[in-house]
Structures are given as structure tokens and as C-alpha cells.
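**Q** From the sequence below, what's the structure:
(chains A and B)
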Amino acid sequence: MELTLWTYEGPPHVGAMRIATSMEGVHYVLHAPQGDTYADLLFTMIERRGRRPPVTYTTFQARDLGGDTAELVKRSIADAVSRFRPEAVLVGESCTAELIQDQPGALAAGMDLGGIPMVSLELPAYSKKENWGAAETFYQLVRGLLKDQLPPAGEARPSPGRWRQEGRRPRVNLLGPSLLGFRCRDDVAEITGLLERHGIEVAVVAPLGARPADLQRIPQADLNICLYPEVAGPACSWLQRSFGMPVVKTVPIGIGATTEFLREVHAVLEMELAEEQLHEDQSRLPWYSRSVDSTYLTGKRVFIFADATHAIAAARIASRELGFEVVGLGSYSREQAREVRAAAAELGLEALITDDYLAVEKAMAEAAPELVLGTQMERHSAKRLGIPCAVISSPLHVQDVPARRSPQMGWEGANVIFDSWVHPLMMGLEEHLIGMFRHDFEFVDGHRSHLGDSAPAPVSTEASVTGASPMPEADPAAAIAVAVAAWTADGEAELARIPFFVRGKVRRNTELFARERGLAQIDAEALYDAKAHFSR
Amino acid sequence: MGGSTVTPATPLASSPESPAADPASLIRENGQREVFCGLTSIVWLHRRMPDAFFLVVGSRTCAHLIQSAAGVMIFAEPRFGTAILGERDLAGLADANDELDRLVADLLERRPEIRTLFLVGSCPSEVIKLDLARAAERLTARLQGRVRVLNYSGSGIETTFTQGEDQALLALTPLLPASAPAERAQELLIVGTLADAVEDRLVTLFERMGIPVVHSLPPRRSTELPPVGPGSRVLLAQPFLSDTARALQRRGAQLIQAPFPYGVEGSRLWMEAAAKAFELDPERVATVLDPLVERGRKALEPHRQELAGRRLFLMPDSQMEIPLARFLSRECGMELVEVGTPYLDRQLMAAELELLPPGTQLSEGQDVERQLERLRAAQPDLVVCGLGLANPLEAEGIATKWSIELVFSPIHGCDQAGDLAELFARSLRRRARLHFN
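**A** Numbering: from 1, shown residues only, chains lettered A, B, ... in the order given. Here you go, the predicted structure:
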């Protein structure tokens, strides 16, 4: 038994719903009690879908338990098949139905479904979670729909370069994008376009938008691209084992990863990659990151927590492409914990693998970052700690399904990432500056209007006169501190030389330092000692 | 319970009642239900009683349901959580009890401000027959009165959506102190969660009418339970409290029969029924209520103009459908196409059913596909439904109002009648505003 106040992932049958709802022509019959229909709102509200998820719930109640719930399952399957006429049926159960052991899959297997392919799902609700359920469902569906096409054991694997002999363009599948995945809709468009520009055709995108018949075309491609290992990992491995289809596992998020991804795809397909197509002009991120304006990003302390795919990608971009210092890296994806640990080890960190958001918040507070890259929950935690945050991963909030195109992958994805990570930081910096300026004369009467002279003037003339004095006494906290440790004349003179916008902070830090050291006086030497003490 | 045929064993009203004007027809359905389970009530109950913690003993699905239904994750440490059963707990119930004790001890150590802990049963805990009543007794004894541990079931196999509140209040009723016989004549007990501001307002109005002491269940502090006893007068503020009402009657309380306080008319009849039970001077009551009614009608008028003549379809969801239908038809002039309700408690609804237009089509329970077929055939102007259906219906061109907002918004009383009507009118106004050509 485990106390959970909030959870990153739903139960595994919600993962199965993501697959069914992402696809066309698939219907999911779910043996579940009243109330489990709540999951519909994940799709209709968060994803703003204009269609109900293709799910029939048996909705059993307490009084059904004494009777024949198995009959209810069969009736629900028969009704769903005749009403929705699906091209494939998934049959499974939620946590409560698992306990009553009606085995809906076996019941469905004994029914005449008019030849519609049926896939029975066994998703252990008491040990597994949403992403596992999605991956297992996708794998079982692919496997079930391809069982008649399995090549005999020992048959030679098709060469990924066969497209040349067959006189056609190379073909790849994009596997993994699904509803409730982070920016999957836009990533598919971005990567399809990217591959098109390299003369590579995208054959099947699945599960997002695919029909069962599309899954049956998967082996016709030369290569599978595992865009989202959390969902497509097991299916891609099985396709590799059973059909000899190579897999590209590099997820193209960030400049380095996109470059590596293209190299890998070209190598597997036995194609030449023109280096000029990798030229960094493809994305603005490299230049924006080099431009002098970005100097202030140097060594910014960043804390990362997300699903494995986005956490690993974020760590690479943050440390290598933006020049941040990654001070924490973690994920709730236990299935990919090994990969996250490896990525953390490269940065000299120990990965935080947990699904307890309070443990994440604690680690975040201890790491004292200047920017958090996380899920919506980390956004809330960061807000409480007063740290700017950008959201980089599921679980989704309605805000994570923007109207505009906003991919994470490919060249444009890198542009989006630059903007969406740096803007909160700039706002954080602005707030910080405002905090410091507060004590300066321009801010004595609140913020100056950008309208300049035409704005109604605050009582500013007198303020600027006092402001001209080297030691404004506007800060009551400073006044108290002065009573503890007195500033000597040379200390004051040195302080006055410090630019006004950091003077307040230096004063406070120095006084804190003096207090800690028990100094009675603060002279120029104490000020420089304090500066050395606080500098990183 | 939770089924489509709830027939109370004991009559609710002590006085012989006139048979309600029976609706022409009632559709009873049993199929897929698009409703939340009773766990959802925790979302508003925990806000009402800030010194209580609601611990669901269930699965990841339960935890996910509550956070999805609430649509929030703003809590540093929310006052509700789920003890998620793992495979080990399923293998041995003895271990499960030990685990629960350990988890409760940890929780209470971290949250010393908690005075009442509700162990909330779920579908899985009910199916494996985890005895939460005994667990609550055991824990209460162990905690030696520092924290009171209660239990109820919010499981989907037994409760829908708002019935969770009924079960939570039912769990509190044995703890209500006996009222002092001398004071009983002065005390009114309002049952059902109200927004604090609305409650304050209603208490003031009852005082003006001549009822000096008004108690509430649930109270604002879980330890300040209202007294009850033979002859106590109870007024229900919400239409989904069947079991609590019956339990209070068993304590000797007298249930005041009235429509529910939605809209000007419903609120007036509700307050008048209380006044009558206290034998207050009708003139004094009228002096208090008349200005409210007049003001309420004025506030309603612009929304009435928007809603009048429009055709309304209510999907079964919050159990508030019948009183809302009464308000929207009688006070806002809407035409009722179908009024769905998760279950029909005829005795609790007697006063409401009498006020519905003759021949109103009621439906009890749900087979969502068939109901949607009826809905599409009828092409109503507005549908009241849950979050799973709203956007799909909008995409089909049918205006909707999500019902979950109704359990979070202050809608009770004459003063809120305009706001209540506005919630429905807004959907139609918004559609009229939008143009993309």
C-alpha cells in the first residue's frame, strides 16, 4: 500500500485508451465499474477532442456482482461491435474487473465477432501504470494484426537498402506518437517534413491517426523510427526480432540529437547525408545560444524532471546547447530508469527515479536551481519556490495542447525549445532586477512609466535628490543590519562604487556575512571577503 | 444503491403525503453510464471541512479519477489522498490491514492538524472486502481520541458522483450529539454542503424570520458536529442526501418536505417550509422573503429572456437534474425535452415532481448510447451533461452546460437565482456571439 496524493501516470487501462483513441477504426470494450468513464474527459477536455473516446464500459454495479457479470461483458462486446462496426476490437478490464476475474478477453475469443480482429489486453492494474499500459496495448495490437504476416523462422532479413533495387524512395514508419503525449501532433508534422526534405517517405504513423490496416502495412517500410520509447519501445523491438526491421532509437529533440538522428537514419537506409543539410542554419537555436545576449544563460542552474524521453533530451540540450548547469535530473518513467540514470551519470549526477511529487519538490528545493524544466506538477512546485519553470513533458494540462504549432522535435522544435525555456528565465531575471531596483531612487514611488514625461509624474524630484546620495537609507532591513555591524567609511565608499542595480544585494549579502562571522565593522576588505564567499 | 431503482425502506416524510403528480412516463435504463463515482464528492467535501482528511483506500484509478475530476494540482499537500493497493495487499488481507495502519500513522504524523480521518472505500476495496469499518474502529481506539477515524464507501459499484457526500454525512450521523430537548424548538439543521458565503446569508435570513439557531451538516469544523434528537427539524439543501435523511429520521428528526433551494421559487418554498415547521408568523416571514423574491426575479429576467422557449435536455449526472429542470422550466421558461437522473428517489423528490410540468419525460439510470440517440433526434437547444460528453456534443453543434460546475458554484437561495440562470444562459449567449465569417 502506497500513499499517493497526486500521480504522474494513470492506471494501465488509461494507457490502452490512449492507443484506442489515438487510432481510427479501433474500439475498446472495457470491463469496468461505474465511474471509470471519468477517463473520457482526459480526451474531451484536455485534448479538446470533439469525439468521445471509442470506449464501451460495461459499468457493472454492486448488485451485478452476485449475478452474471460475464454475461454483461459479452453483451457489451456484441453491442459495441454491432453499433460501432470497428475494424479491430480491444477487450480488457480496469482494476476492479481484474479482481472479479471474468477474463473478458477469453469471453471475447469465444464469441463470433464477424471476423473482426480482437486483441485481448491483460494489463496488471496493481503493479503497472499508464505508459506501460500504452506500450503493451500498442505492442499487442501490432502483434495481433501482423500475426498472419510473420516470416518463417530463418528467412533472410530484408535489407534496409532494398528501396534502391525496388526503384522507390526509402520508407520509414514513425511509431509512438499518441494522444496525451507531449506535442506529439506537432512532432509528427515536423519529423515528416524533415524526412521528406531528405527524400525519405513516411509510410505509417502510429498509433496517432492510424487505422488497423495501416498497422498491417508496417513491415512494408525499410525502417521503424521509435519516436516515443515509452509507447513504442516494445513494439519496435518485436518488429525488429520478428520482421528484421531496424529501429532508430535516437529521439530527435535538440540540435545534437536531430543531427544524430538524421545520420543514423541515413546510415541504416544506406543513404548519403549531405552535410550542408545539417548546417546549423536549419535552426536558430545555435546562433541564438551563441549570441552575446545569451551570455547570461551561462551556467544557469537547471533542474529537470519529466518522462524519460523528454528528461534525457532536456539534459542534453540544457548542458550542451544552452550552456546551463544541470543540477538535478529525474523521471517518473521507471521502465526507462536505466537510460535516465546513464544520462545523469554523464553529468555527474544521480538520477531521481520516483513518482512521488513531494520527493521531486524536495530535491528541487535542495538543488536550488534557477530554472526548472518539468511537468505541470513541477511548474506548481517551482512556483511555490519562486523559481521560473518551463513545461517539457506529460502529464498534459489543457495548456499543453496549444492552438499554434509547437513541436519539440527537429529544427523547429529546437527553436520552440529555445523560446519556451529562455522566456521564463528572462522573466525570472526581470523580477529579480525589479526586486533589486526597488531600493533605488527610480523605484521609490513605484515603477517608472514607459510613457516617460507625458506620464503623470510621481513625486520624483525630491526622490532623485536623495537618490543621488551614495547611501540611500530606504531599506529598513539594512538599517537594522547597520546597527549590528557598522559600515566604515572605506566600506561605504567601496559599496558606492558597485553598480546601483546590484548594490542592494551586495549590501544585504555583506551584512549577512558580517553577522555570520561576528564582525563588528564592515570595511572594504570585509566587503570583498563577502563577495568571494558568495560567488560561485 | 447506485442502481436505477432505489426504493427507501422507510418513508421519508412522517406526514401522509399526497401522491406526487406522476410524470407521464419514466424511462428506466441500465447500460453504460457516463457519470463519476462517489469519490468525486471529496473534491468539495475536503474544502468544507479543512480539519478533515479523506483517505481513499483503492487503486491508481481512484487517485487519477479524483485529480482529473478536480482538474487541479495546486495543492502543496492536499487533504485527500489514495492508499493505493498493491499486489501484496491483494494477496493477504492481514497485511493490507497492517499496511493501512502504518500508512495512517505516517500520514497523521505529517498532518497533526487533522482531527477527522475518513477512510473512503472504493470499488477494489469493496470487492476484496477490506473491512474499513473495523479498520476505523481499530484506528480510533489506537489514536485515543486525538483523531476520529470514520469510514464510508464512495465506490462506483455503490455510489454515483454526489452520493459520495450522502455516504460521508451518513458516516457522521452516529456521532452527532443529542440535542437538548429545551433547545430543539429553536434549532434548524441544514443538511448538505453549501458555499460558506451562501450559508452565512441563509443563516441571517432564517434569523430575521425568527429561527434563532441554525446548524449545518457538514459543519465547517469536523469536530463541531450539530446536535440532533427527537423532534429536531431538518431541511435538506441538496437533493442527493437520501441515506443521511433517513438516518437523521431514525434519530427522531423531522424532515421538512420542500423543493430544493434553487431559483427564486424553490428557495422561497424551501424557506417557507422551514418557517411553517417552526410555526413562525407568516407576515414576518413574508416581510423577509418578499423583497428577496422581487429582487431575485429582477436578476433572473435578462437570463429568462435568453432561455425562454429553448429546449433543454438533462443527462443524468449530479442528481440535481430534477430540481434544476423545475427551476429552468418554471422560472426561466425552458421547455423540458428529457430530465435524466442517476436514480429517482420519489419521496425526496415529491415536492419537486409536483412542480414539474405535466407529462415531463423523466429517465432514470442510463444507457448512454441510447440516450444520445434520443438526444440527437430531439436536437435540444441546450444539454446539461458531464465533462466527457460536453465537447463531443458541442462539436456536433449542440450547446452544453457542464454539470460539475453546479456542485462547485454558489447557486442556492433567492440571491443566487440570477447567477444560476446565467450559468445556463452563458452557453447560449456565447454561441450567439461567435462568428467566423
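
**Q** Residue B:66: how many residues sit nearby?
**A** Neighbour count of residue B:66, defined by other CB atoms under 10 Å in any protein chain shown: 30. C-beta coordinates here come from the backbone N, C-alpha and C atoms, glycine included.

**Q** Report the separation between it and residue A:28.
**A** To residue A:28, residue B:66 is 23 Å away according to CB to CB, to the nearest Å.

**Q** for residue A:264, same thing?
**A** Distance of residue A:264 to residue A:28, computed by CB to CB: 34 Å.

**Q** try residue A:205
**A** 20 Å.

**Q** Report how many residues lie close to the closest residue to residue A:283 other than its chain neighbours.
**A** Spatial nearest neighbour of residue A:283, chain neighbours left out: residue A:411 (3.9 Å); criterion: CB to CB, 6 or more residues apart in numbering or on different chains. By other CB under 10 Å, the residues close to residue A:411 number 22.

**Q** Where does residue B:312 sit: helix, strand or coil?
**A** On the three-state scheme (DSSP: H, G, I helix; E, B strand; the rest coil), residue B:312 is labelled strand.

**Q** which ones are touching residue A:371?
**A** Residues in contact with residue A:371 (CB atoms under 8 Å, 6 or more residues apart in numbering or on different chains) are A:300-303, A:324, A:387-390, A:421, A:424-425, A:428.

**Q** ok, now residue B:42?
**A** Here residue B:42 is in contact with B:54, B:56, B:66, B:80, B:120, B:154, B:164 (CB under 8 Å, 6+ apart).

**Q** Can you give me the buried ones in whichever strand or helix holds the first one?
**A** Think residue B:54. If you go by DSSP states H and E, residue B:54 is part of strand B:52-58. By neighbour count on 16 or more other CB atoms under 10 Å in any protein chain shown, the buried set for strand B:52-58 is B:52-58.

**Q** right, and out of those residues, which lies closest to residue B:181?
**A** residue B:52 (29.7 Å; CB to CB).

**Q** any idea how far residue B:313 is from the closest one?
**A** 37 Å.

**Q** Quick one: mean pLDDT for stretch A:13-27?
**A** When pLDDT is averaged over stretch A:13-27, the result is 98.

**Q** tell me how far it is from the chain's mean position?
**A** For stretch A:13-27, the separation from the chain centroid amounts to 21 Å (computed by CA atoms, centre = their mean, to the nearest Å).

**Q** if we can go back for a sec, switch the buried residues of strand B:52-58 over to TSV; also include pLDDT and distance to residue A:329.
**A** As requested, these are exported to TSV (pLDDT from 0 to 100; distance: CB to CB, whole Å):
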residue	pLDDT	distance to residue A:329
B:52	97	38
B:53	97	33
B:54	97	34
B:55	97	32
B:56	97	32
B:57	97	34
B:58	97	32
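
**Q** These: which ones sit near chain A?
**A** B:55, B:57 (CB under 8 Å from any CB of the partner chain).

**Q** hmm, back to that, and the strand holding residue B:54, how far out from the chain middle?
**A** The answer for strand B:52-58 is 19 Å, by CA atoms, centre = their mean.

**Q** Check which helices and strands it is in contact with.
**A** helix B:42-48, helix B:60-70, strand B:80-84, helix B:93-110, strand B:116-121, helix B:123-127 (3 or more CB pairs under 8 Å, 6 or more residues apart in numbering or on different chains; DSSP states H and E).

**Q** burial count for residue A:157?
**A** Neighbours around residue A:157, by other CB under 10 Å: 11.

**Q** wait, it sits on residue A:244?
**A** Yes: shown here, residue A:157 and residue A:244 form a contact pair, counting by CB atoms under 8 Å, at 3.0 Å.

**Q** How about the contacts made by residue A:399?
**A** A:376, A:391.

**Q** Quick check: pLDDT value at residue 203.
**A** As the question left the chain open, I've gone with chain A. pLDDT, residue A:203: 98.

**Q** not what I meant, chain B
**A** In this model, residue B:203 carries a pLDDT of 95.

**Q** can you pull out the helices in the stretch 401-536 of chain A?
**A** Here the stretch 401-536 of chain A has its helices, by DSSP state H, counting those that start in this stretch, at A:410-437, A:461-468, A:476-484, A:489-497, A:500-517, A:524-534.

**Q** ok, of those helices, where does mean pLDDT dip lowest?
**A** Minimum mean pLDDT among the helices of the stretch 401-536 of chain A: helix A:461-468, a mean of 34.

**Q** Mind checking which of residue A:264 and residue A:28 has more residues around it?
**A** The neighbour comparison of residue A:264 against residue A:28 (other CB under 10 Å) goes to residue A:28, with 26 against 19.

**Q** Which of the helices or strands spans that one?
**A** strand A:26-31.

**Q** could you dump that strand to CSV, C-alpha only?
**A** The C-alpha trace of strand A:26-31 is given here as CSV (Å, rounded to 0.1, in the frame of the first residue of the first chain):
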residue,chain,number,x,y,z
VAL,A,26,-10.4,0.7,-33.2
HIS,A,27,-12.9,0.1,-30.4
TYR,A,28,-12.1,-0.8,-26.8
VAL,A,29,-14.5,-2.7,-24.6
LEU,A,30,-13.5,-2.1,-21.0
HIS,A,31,-14.9,-4.2,-18.2
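
**Q** C-terminal to that strand, what's the next element?
**A** Using DSSP H and E, the first helix or strand after strand A:26-31 is helix A:40-41.

**Q** Show residues contacting that following helix.
**A** A:52-53, A:55, B:34, B:68-69, B:386-389.

**Q** got JSON lines for those residues, with secondary structure and pLDDT too?
**A** Converted to JSON lines, these look like this (DSSP: H, G, I helix; E, B strand; the rest coil; pLDDT from 0 to 100):
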{"residue": "A:52", "secondary structure": "coil", "pLDDT": "97"}
{"residue": "A:53", "secondary structure": "coil", "pLDDT": "98"}
{"residue": "A:55", "secondary structure": "strand", "pLDDT": "98"}
{"residue": "B:34", "secondary structure": "coil", "pLDDT": "93"}
{"residue": "B:68", "secondary structure": "helix", "pLDDT": "88"}
{"residue": "B:69", "secondary structure": "helix", "pLDDT": "83"}
{"residue": "B:386", "secondary structure": "coil", "pLDDT": "92"}
{"residue": "B:387", "secondary structure": "helix", "pLDDT": "91"}
{"residue": "B:388", "secondary structure": "helix", "pLDDT": "93"}
{"residue": "B:389", "secondary structure": "helix", "pLDDT": "96"}
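
**Q** And what about residue A:328, helix, strand or coil?
**A** Put simply, residue A:328 is strand when judged by three-state DSSP.

**Q** Can you name the residue of the stretch 401-536 of chain A nearest to chain B?
**A** Residue nearest to chain B within the stretch 401-536 of chain A (CB to the nearest CB): residue A:401, separated by 12.3 Å.

**Q** tell me the pLDDT at that residue?
**A** 94.

**Q** got a list of what it touches?
**A** Here residue A:401 is in contact with A:46-48, A:185 (CB under 8 Å, 6+ apart).

**Q** Low-confidence ranges, chain B, go.
**A** Along chain B, the model assigns pLDDT under 70 to residues B:1-24, B:71-77, B:94.

**Q** okay, now the domains of it?
**A** For chain B, automatic domain parsing gives the domain ranges B:25-32+B:297-433, B:38-159.

**Q** nearest residue to residue 319 other than its sequence neighbours?
**A** No chain in the question, so chain A it is. With CB to CB, 6+ apart, the residue lying closest to residue A:319 is residue A:326, at 5.1 Å.

**Q** Chain B was what I was after
**A** residue B:240 is the one closest to residue B:319 (CB to CB, 6+ apart), at 3.9 Å.
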